[in-house]
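J.: Need coordinates for the below:
(2 chains)
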Amino acid sequence: NAGVTQTPKFRILKIGQSMTLQCTQDMNHNYMYWYRQDPGMGLKLIYYSVGAGITDKGEVPNGYNVSRSTTEDFPLRLELAAPSQTSVYFCASSSWGVTEAFFGQGTRLTVV
Amino acid sequence: GQQLNQSPQSMFIQEGEDVSMNCTSSSIFNTWLWYKQDPGEGPVLLIALYKAGELTSNGRLTAQFGITRKDSFLNISASIPSDVGIYFCAGGGATNKLIFGTGTLLAVQP
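T.: Predicted structure coming up:
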């Protein structure tokens, strides 16, 4: 049982480049979340989704976009990478509401 | 927006000691979750609380959902070296957002 899978695990981007962080879950969870974690800090919510076709902003959405075309996938898009987006990104999912969210292993992104 | 204040920020203890940490919020939450994060890994769920006043144990871990619904605490009894890590509280409310605290770094000296 894979749970929540994130790819890639590591990535270095140049300023202004774009990329998509992939997240997929095989637990048929309705709720999915994207967080970023800066060094020594807690997790900040970027975007979340309560089901396919529905997304909403979290605490720090600027510079990011998401889509939720299927229950399984919740990709996070960075259009114009900036050094301030250097962080570790975590995807999570839960079956319903804000209950027992399960996390992926994270994507470590560096923007130079 | 909703904020969670988690304390202490860090703890350095001897193996065998008990540990207590807590989270407080200015807002009411319907769910309190406690997670542990090891270096280079994603957070792993330890305990989930869904009802005000609820007290739940998971081995040496005990957590409580405050009756005001604005706070929660986590206790670890008889700490061992593998308890080392960062512990996060997380609260969920009517907005469907799961908000995390700032974390407590726990170091256990054998």
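J.: so what's the residue nearest the centre of chain A bridging to?
T.: By CA atoms, centre = their mean, the mean C-alpha position of chain A lies nearest to A:Trp34, the distance being 3.2 Å. Beta bridges link A:Trp34 to A:Tyr47, A:Cys91 when assigned by DSSP bridges.
J.: Any figure for the gap between it and chain B?
T.: For A:Trp34, the distance to chain B (CB to the nearest CB, to the nearest Å) stands at 11 Å. Every residue, glycine included, has its C-beta placed from N, CA and C.
J.: so that residue makes contact with A:Gln6?
T.: No: A:Trp34 lies out of contact with A:Gln6 (CB atoms under 8 Å); the separation is 9.9 Å.
J.: what touches both of these two?
T.: Both A:Trp34 and A:Gln6 are in contact with A:21, A:23, A:89-91, where contact means CB atoms under 8 Å, 6 or more residues apart in numbering or on different chains.
J.: Which two of the residues you listed have the greatest separation?
T.: Within the shared contacts of A:Trp34 and A:Gln6, two members stand farthest from each other by CB to CB: A:Leu21 and A:Phe90, at 9.9 Å.
J.: Out of those two, name the residue with the larger neighbour count.
T.: Ranked by neighbour count (other CB atoms under 10 Å in any protein chain shown), A:Leu21 and A:Phe90 place A:Phe90 first, with 26 against 23.
J.: ends of stretch B:32-48, how far apart?
T.: End-to-end distance for stretch B:32-48, by CA to CA, to the nearest Å: 6 Å.
J.: whoops, stretch A:42-62 was the one
T.: So stretch A:42-62: terminal residues 18 Å apart, CA to CA.
J.: Chain B: strands as residue ranges?
T.: B:4-7, B:10-14, B:19-25, B:31-37, B:44-49, B:55-58, B:61-65, B:71-76, B:85-92, B:98-100, B:104-109 (DSSP state E).
J.: So which elements touch the first one?
T.: When you say that, I think you mean strand B:4-7. Judged by 3 or more CB pairs under 8 Å, 6 or more residues apart in numbering or on different chains; DSSP states H and E, the packing partners of strand B:4-7 are strand B:19-25, strand B:85-92.
J.: who does the last one pair up with?
T.: Read that as strand B:85-92. According to DSSP bridges, strand B:85-92 forms sheet pairs with strand B:31-37 (antiparallel), strand B:98-100 (antiparallel), strand B:104-109 (antiparallel).
J.: buried stuff in stretch A:83-90?
T.: Residues A:85-90 are the ones in stretch A:83-90 that count as buried (16 or more other CB atoms under 10 Å in any protein chain shown).
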